[in-house]
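Q: Provide a 3D model corresponding to the input given below.
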Amino acid sequence: MKYNHAPKNYICSLCLVVKGIENKHTETKKQEVFNKDKFITALLSSHGWPKNPGHVIIIPNKHYENIYSIPDIYLDRIHRLAKKVAIAFKKVYKCDGVSTRQHNEPAGNQEAFHFHFHVFPRYKNDNLYLNHLKKKFISPKERAGYAKKLKRYFKSKK
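A: Below you'll find the model as predicted:
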């Protein structure tokens, strides 16, 4: 079953992130990756919402465009790490809750054609879903600050 929508000659910025490549096709810097193993990578999102700073994206290290093609072993690892990130948010960000989401195909609002799973810190009355049009680019300096906090947290758990 193939449900692929990446344009012809698509350069996958998330594959470049996994490889540690920084160039004109990537917005993510190496210091924004805070957790990586043989299968998956967790990084700070380059875009965010006004009342939900520091949201995270978890990706498979191999390229799978969407939920239809990704093997279950990756989904399992991604969801296990999402739980750890959610707990980290509670400890590090002192958030009131956590939301997760994942998009597939253009009609499902998928923008990067590499499977990615979002984990958002949530706060009382933050209106995350009402503020979806207020998404903005987050500076590498700001993202690095959040990544540093999460790296410290995950290092303390080893």
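Q: partner residues bridging the residue nearest in space to the middle of the chain?
A: Closest to where the C-alpha atoms of the chain average out (C-alpha atoms, centre = their mean) is residue 57, at 0.7 Å. Counting by DSSP bridges, residue 57 forms beta bridges with residue 43, residue 118.
Q: again, but for residue 47
A: Beta-bridge partners of residue 47, as defined by DSSP bridges: residue 137.
Q: residue contacts, it?
A: 135, 136, 137, 138 (C-beta atoms under 8 Å, 6 or more residues apart in numbering). To be clear about C-beta, it is placed using only N, CA and C from the backbone, and glycine gets the same treatment.
Q: dump those into a markdown table; add pLDDT as well.
A: Output for the contacts of residue 47, formatted as a markdown table (pLDDT from 0 to 100):
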| residue | pLDDT |
| --- | --- |
| 135 | 85 |
| 136 | 89 |
| 137 | 91 |
| 138 | 91 |
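Q: which of those lies closest to residue 38?
A: Closest to residue 38 out of the contacts of residue 47 is residue 138 (28.0 Å), distances taken as C-beta to C-beta.
Q: wouldn't the closest one be in contact with residue 45 here?
A: Yes: judged on C-beta atoms under 8 Å, residue 138 makes contact with residue 45 at a distance of 7.2 Å.
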